[in-house]
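*Asks:* Need coordinates for the following:
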Amino acid sequence: MDPWTSRFLDKKTEREGDHRTPFQRDKARILHSAAFRRLQSKTQVLGVGMSDFYRTRLTHSLEASQIGQGIAAQLRSKYPHLTNRLGLNDILIEALCLAHDIGHPPFGHGGEVALHYMMRDHGGFEGNGQTFRIVTRLEPYTADAGMNLSRRTLLGLVKYPNFINNLTNPEVVSSGQSIINKRQIKAQQWHPPKGLYNCDQDIFDWLLAPLTPSDKQRFSTINQAAGKHSKTCFKSFDCSIMELADDIAYSIHDLEDAIVMGIVNQPQFEQEVVYPIQRLGEGWLSNHIVKLSKKLFSNEHHLRKDAIGALVNCFITNIEINEVDAKFSDELLVFNAVFPELYQACISVFKQFVFKRVILKPELQLLEYKGQQIVMELFEAFSSDPMRLLPDNTKTRWLEQEANNNGHRVISDYISGMTDGFASKLYATLFMPTGNSLPDTLN
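*Replies:* Presented below is the predicted three-dimensional model:
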C-alpha cells in the first residue's frame, strides 16, 4: 500500500459501493466541513459586511482551487512524464486549495495577530498551524483524528514544516514584552512565525514517517535572520502548486475587488505596477501591461474581466517545475512548481501593490484594529472563567486539555473558529449594555 494514501486512523471507513479515490474522499471531507462553510463569513481583504460584491475567504478559496487545477493542467502538458511520475492529481490540488485557509481566524490577519499575542505564553497562534490542527484534530469527522485525511493531502497542507517555538526569534518577542496594556500592542511586533504547534507534534511525526531520517531533518530546515522570526525552507511538490494558486488569487482577483470598490485608481496602478513591470525586462506581461491597465480601469465590465483573465492565464502558463537545491530522496520533496525569475518579480509587484494600497489603507486598518480588540477581549473573558462562559462541548475539551496544561489552546481553537459576525455578536452580548441576544452556539 502507498504510505502517502494511508490515514492516521487506518480502520476501513469506506461505505459499501464507494469507489472514490483517497483524494476524492479528502476533498469531500473538506468541502462538507463546518470549518470550510465558515469561510463565507470571514474577512479576505475587505471586511465582511462592507458590500455583497467582493470576495470572502470562501470565494477566495474557490478561486484558488480553480487556479490550482489550471496550474496542474499546464504542468501536465509541459512535463507529461515527470508529472506522471510524481502522481500529480487534480482532485488533490483542488482539495489543498479549498482547505488552505480554513485555519484563519475572524478579522483576517488582525485576528491572527491578536490570538498570537494572547497565546504568547501558551504556544502561539498562526493560521497555517491552525489549518493543520483543524484537519487533524478538531473537525469532528472522526472522534480522534479530525478529518483523518490521507498523508499526502496533509503533506500538501503543511506550508511551514517546523514548530512556532523553534521559529520564534527572542529578539522580536522581547521588543514587545514591555507592553503592559493589550491595546498598546503593535501588529508588526506580534506577527507570528509561520509554523505548527508543538502540541500537534505526534501527528506531524506520523506524517513524515515514510521519509528517510535525512529527508525528515532537511525538510524541517529553518533559515534564521537577524531581527526577524525564522522561516522554513522547503515544502512538498503539491504544496508548491497550492501556494502559487493562492498567490495568484490574492494578487489578481483581490485587485479586481479593489478596483471595482474604487479603493485604487489608474494613476496609482500605472505608477506602482505598470512602470515597475515594464522595467523588469522583456516578457508577455511587460509588453501588454499598458493595454491591460486600460482594460482594468475601463467602465466596460467585460473588458475588466478579460484583463483579469489574461493576467491569471499569464501567470499560470509561465509556471515551471524545478528541482529543489537540496539532496532529498523522496521525489515529492525534490521538485517544486515555481515562477521563473521574471514572473516571480511581477507577482511580487502585484502583491506589494495590494498590500500597500488596500491592506494598509487607514479605513481597513481601523476595521482590522477593531476586530483585533474584539478577539483579545473575548479571549480574556473566556480564559478568566472558562467553566462559566464556554459552551458545553468546548468546556469538556477545556477540562481534558487543562489537565495537560493546554487549556488556553482550546480557547484559541474556539475563538479562531468564529466568523466575523459571530465574534462581533458574542462581544456585544458580553460587553455591550444592549447586547442581550445570544448568537447561535459555536462548539
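
*Asks:* OK, contacts around Ala145?
*Replies:* Arg7, Phe8, Leu9, Thr136, Arg137, Ile203 (C-beta atoms under 8 Å, 6 or more residues apart in numbering). From N, CA and C alone the C-beta is placed, and that goes for glycine too.

*Asks:* Hmm, the fifth one is touching Tyr197, no?
*Replies:* I take that to be Arg137. No - if you go by C-beta atoms under 8 Å, Arg137 and Tyr197 don't touch, sitting 9.9 Å apart.

*Asks:* And the two? Which one has more around it.
*Replies:* Tyr197 (24 against 20; other C-beta atoms under 10 Å).

*Asks:* Touching, Tyr247 and Lys351? I think so.
*Replies:* Residue 247: Asp, not Tyr. Yes - using C-beta under 8 Å, Asp247 makes contact with Lys351 at a distance of 6.9 Å.

*Asks:* Pro210 and Leu154: what is the separation?
*Replies:* Between Pro210 and Leu154 the distance, using C-beta to C-beta, to the nearest Å, works out to 12 Å.

*Asks:* next one: Tyr160
*Replies:* 13 Å.

*Asks:* just Phe219 next, same as before
*Replies:* Going from Phe219 to Leu154 by C-beta to C-beta gives 13 Å.

*Asks:* So for those two, which sits in the more crowded spot?
*Replies:* The neighbour comparison of Phe219 against Leu154 (other C-beta under 10 Å) goes to Leu154, with 27 against 22.

*Asks:* tell me the contacts of the closest residue to the more buried one other than its chain neighbours?
*Replies:* Nearest-residue entry for Leu154: Leu207, 5.2 Å, with adjacent residues in sequence omitted and distances by C-beta to C-beta, 6 or more residues apart in numbering. Leu207 makes contact with Arg151, Leu154, Leu155, Val158 under the criterion C-beta under 8 Å, 6+ apart.

*Asks:* Looking at neighbours, which among the residues you listed is most surrounded?
*Replies:* Per-residue neighbour counts (other C-beta under 10 Å) across the contacts of Leu207 peak at Leu154, which has 27 neighbours.

*Asks:* How many neighbouring residues does Asp202 have?
*Replies:* The burial count assigned to Asp202 is 10, neighbours taken as other C-beta under 10 Å.

*Asks:* Can you list the residue ranges for strands in the protein?
*Replies:* Assigned by DSSP state E, the strands in the chain fall at 222-223, 231-232, 320-323, 335-338.

*Asks:* Single out the most deeply packed of those strands.
*Replies:* strand 335-338 (a mean of 21; mean count of other C-beta atoms under 10 Å).

*Asks:* isn't Trp398 right up against Asn405?
*Replies:* No - between Trp398 and Asn405 there is no contact under C-beta under 8 Å: 11.9 Å.

*Asks:* Compare those two (neighbour count), which wins?
*Replies:* For Trp398 versus Asn405, neighbours defined as other C-beta under 10 Å are more numerous around Trp398 (23 against 9).

*Asks:* how much space is there between Glu139 and Thr168?
*Replies:* Distance from Glu139 to Thr168, counting by C-beta to C-beta: 27 Å.

*Asks:* So if I had to pick from these two, which one is more boxed in?
*Replies:* Higher neighbour count among Glu139 and Thr168: Glu139, with 23 against 17, using other C-beta under 10 Å.

*Asks:* sorry, back to before: I'd like the contacts of Ala145 as TSV, with distance to Val273 and pLDDT appended.
*Replies:* Conversion of the contacts of Ala145 to TSV gives the following (distance: C-beta to C-beta, whole Å; pLDDT from 0 to 100):
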residue	distance to Val273	pLDDT
Arg7	45	94
Phe8	45	93
Leu9	48	90
Thr136	39	97
Arg137	42	95
Ile203	42	96
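
*Asks:* are any of those residues buried, and which?
*Replies:* Buried by 16 or more other C-beta atoms under 10 Å: Arg7, Phe8, Thr136, Arg137, Ile203, out of the contacts of Ala145.

*Asks:* Taking these, tell me the two that lie furthest apart.
*Replies:* Arg7 and Arg137 (13.8 Å; C-beta to C-beta).

*Asks:* Tally up the residues packed near Ser77, please.
*Replies:* Counted with other C-beta under 10 Å, residues neighbouring Ser77 total 10.

*Asks:* cool, and the one 10 residues further on?
*Replies:* Applying other C-beta under 10 Å, we find 16 other residues in the vicinity of Gly87.

*Asks:* Flag the shaky bits of this protein, pLDDT-wise.
*Replies:* Low-confidence segments of the chain, defined by pLDDT under 70: 11-14, 43-55, 174-188, 435-443.

*Asks:* Tell me which residue is most central in it.
*Replies:* Taking C-alpha atoms, centre = their mean, the centroid of the chain lies closest to Asp101, which sits 3.7 Å from it.

*Asks:* which ones are touching that residue?
*Replies:* Asp101 makes contact with Leu39, Arg57, His60, Ser61, Gly127, Thr131, Asp246, according to C-beta under 8 Å, 6+ apart.

*Asks:* Throw those into a markdown table and include distance to Ala73, thanks.
*Replies:* Listed next are the contacts of Asp101 as a markdown table, based on distance: C-beta to C-beta, whole Å:
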| residue | distance to Ala73 |
| --- | --- |
| Leu39 | 25 |
| Arg57 | 25 |
| His60 | 21 |
| Ser61 | 19 |
| Gly127 | 28 |
| Thr131 | 25 |
| Asp246 | 17 |
